[in-house]
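> take this sequence and fold it.
(chains A and B)
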There are 2 protein chains.
Amino acid sequence: MSSVIEVETKIEVPDLTKIAARLRSLGAVYLGGTAQHDTYLNAPHRDYAETDEALRVRETDTGTEITYKGPKQQASGSKARSEITLSVASAEDAIRLLSATGFRVSTVVKKDREEYSYCDTTIALDRVEGLGTYIEIEVLTNEDIAAANTTIESVKKELRISGAHIPESYLELLLTKA
Amino acid sequence: MSSVIEVETKIEVPDLTKIAARLRSLGAVYLGGTAQHDTYLNAPHRDYAETDEALRVRETDTGTEITYKGPKQQASGSKARSEITLSVASAEDAIRLLSATGFRVSTVVKKDREEYSYCDTTIALDRVEGLGTYIEIEVLTNEDIAAANTTIESVKKELRISGAHIPESYLELLLTKA
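Residues are numbered from 1 along each chain as shown, chains lettered A, B, ... in the order given. Prediction:
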C-alpha cells in the first residue's frame, strides 16, 4: 500500500558501549532494548537461499510474529523487499504448525538489540550470538534515496564509524560462516 | 501430549429449530453461538485432498486461528487426527502470508454454529452455507470408544434423530458437491 523505502546500512563495530555513550552524548533518544530470537524456516518446494526469500518466526520480549520476506528488489537500487507480518500467540506453536506443513527450521539467529532515534534515522546496536557486534542505521524515505544515503553518511561521521557496509543479512552471514 | 480421543457423529437434519427446542426441554446447557468463516488452503508441494491433510484459517466472533490437521488415523477405529492450532491476530494477514509462501486458497466454508452441552456430549447445530443443516454429537474419551458410541446413540434417540452418520468433513462435502 505504502511507497516507503527503507534505506539501511550495516557495519561491524568492535565496541557497542562506546557507540551507545556517543549516541547519548549527542542527544539520541533511546527507544529500548529487546532480545530477539529468530527462527528461519526453509520451504518444502524450493530453496529460499536460492530464491532470496525468507520465512521467520521472531520472538521478542513483547510478542511473537511470523514474517515472510520476498526477494530483494535490486532494480530499485535499495534493499526494498516485500514483507508480510502476522502477529501470533506462540513461537513454539508457530514452528510446530509450519513444520507440520513441510517447512524445516534452517537457522536460529539470536541477538540483543538496543535502538535509538537520531536525526531522522533509527539506529540499532546489535549483539548477534555466534557472529559479533554490529550497528544498523536506517532511514525511511518516500523516494529520495540519495538524500537518505547522505543522512546515513553524516550520522556515521558523527558516530566516528568507518567500517564497510555489509549487504548480507545476519541469516546470510551465519549461513556463510557455517 | 494427551491421549484424549474425539468420537463424533454428524447427521444431516431438516430442522435445527426443533432440535434446539428439544435440547432445551431436556435441560441441555446452551454454550453459545458463533459464525465460523473457514478458509482452507492447499499446499504447494502436495495435494491435501489426496494426503487427507488440511490447513485452515478460522475466523470467529472471538478470534482467529490457523489449524493444521494431519491425516485421519483410521487404524484406531475413531476419527482421531493430529491437530496443531495457532492463535493469530488477523485472518487477512494469515491468508496473505500463507499465500506468499505458496499455499493456495481452495475452499471457503461458512457456517453458523450453536453449541450445547448434554449428558457428557457436546452438540453442535450447524447451518452450513451452500450445504445444509447438520447436527454434530461429540464425546471426548480416554479409551472407551464403545461406551462413547453408546452415549452418542442414546442422545440420538432422546433427540429423535434417525439419519445416517456422515463421515465426510464439510470441506469434503463441499468439494464433492462442486
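> list the contacts of residue A:51.
residue A:71 (Cβ atoms under 8 Å, 6 or more residues apart in numbering or on different chains). Where C-beta positions appear, they are placed from N, C-alpha and C, glycine not excepted.
> list phi and psi for it.
phi -90, psi 0 (degrees, to the nearest 10).
> residues in chain A within reach of chain B, list them.
Counting by Cβ under 8 Å from any Cβ of the partner chain, chain A comes close to chain B at A:43-46, A:55, A:66, A:68, A:70, A:82, A:84-90, A:93-94, A:96-97, A:100-103.
> residues in contact with the nearest residue to residue A:14 once chain neighbours are set aside?
Leaving out its chain neighbours, the residue that sits closest to residue A:14 by Cβ to Cβ, 6 or more residues apart in numbering or on different chains is residue A:133, at 7.1 Å. Going by Cβ under 8 Å, 6+ apart, residue A:133 touches A:12-16, A:125-127.
> could you redo the last one with a cut-off of 6 Å?
A:13, A:16, A:127 (Cβ atoms under 6 Å, 6 or more residues apart in numbering or on different chains).
> can you check residue A:122 too?
residue A:138.
> which residues pair with it across the strands?
Taking DSSP bridges as the rule, residue A:122 bridges to residue A:117, residue A:138.
> so what pLDDT did it get?
pLDDT recorded at residue A:122 is 96.
> per-residue confidence at residue A:75?
In this prediction residue A:75 is given a pLDDT of 40.
> and if you look at residue A:112?
97.
> then residue A:55?
If you check residue A:55, the pLDDT there is 97.
> count the neighbours of it for me.
When neighbours are counted by other Cβ atoms under 10 Å in any protein chain shown, residue A:55 registers 21.
> is it true that it lies in a strand?
Yes: per DSSP: H, G, I helix; E, B strand; the rest coil, residue A:55 lies within a strand segment.
> which non-adjacent residue is nearest it?
Using Cβ to Cβ, 6+ apart, the nearest residue to residue A:55 is residue A:41, at 4.7 Å.
> just checking, what packs against the one helix or strand the one you found maps to?
Following DSSP states H and E, one finds residue A:41 within strand A:29-42. Counting contacts by 3 or more Cβ pairs under 6 Å, 6 or more residues apart in numbering or on different chains; DSSP states H and E, strand A:29-42 is packed against strand A:54-59, strand A:104-118.
> which residues does that strand contact?
A:48, A:55-61, A:95, A:98, A:103-117, A:171.
> any weak-confidence spans in chain A?
A:1-3, A:73-81 (pLDDT under 70).
> that older thread, buried subset of the contacts of strand A:29-42?
When the contacts of strand A:29-42 are checked for burial by 16 or more other Cβ atoms under 10 Å in any protein chain shown, the buried set is A:48, A:55-59, A:95, A:98, A:103, A:106-107, A:109-111, A:113-116, A:171.
> related to what we said a few turns ago, partner residues bridging the residue nearest to residue A:55?
Assessed by DSSP bridges, residue A:41 has beta-bridge partners residue A:55, residue A:105.
> what is the burial count for it?
23.
> now do residue A:43
20.
> check residue A:140 too.
Count around residue A:140 with other Cβ under 10 Å applied: 14.
> residues touching it, list them.
A:4, A:6.
> and residue A:160, how far from residue A:113?
21 Å (Cβ to Cβ, to the nearest Å).
> hang on, I meant residue A:44
31 Å.
> residue A:49 - that's part of a helix, no?
Yes: according to three-state DSSP, the state of residue A:49 is that of a helix.
> excluding chain neighbours, what is closest to it?
Nearest one to residue A:49, counting by Cβ to Cβ, 6+ apart, is residue A:175 at 6.7 Å.
> count of neighbours near that neighbour?
Neighbours of residue A:175 (other Cβ under 10 Å): 14.
> can I get the CA coordinates of the helix or strand hosting it in CSV?
Taking DSSP H and E as the criterion, the element that holds residue A:175 is helix A:170-177. Output of helix A:170-177 as CSV, limited to C-alpha atoms (Å, rounded to 0.1, in the frame of the first residue of the first chain):
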residue,chain,number,x,y,z
TYR,A,170,22.6,-11.9,9.7
LEU,A,171,20.9,-15.0,8.4
GLU,A,172,23.2,-15.0,5.3
LEU,A,173,26.3,-14.2,7.4
LEU,A,174,25.5,-17.1,9.7
LEU,A,175,24.9,-19.5,6.8
THR,A,176,28.1,-18.3,5.1
LYS,A,177,30.0,-18.9,8.3
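> what's in contact with that helix?
Contacts of helix A:170-177 (Cβ under 6 Å, 6+ apart): A:40, A:107, A:109, A:128, A:131.
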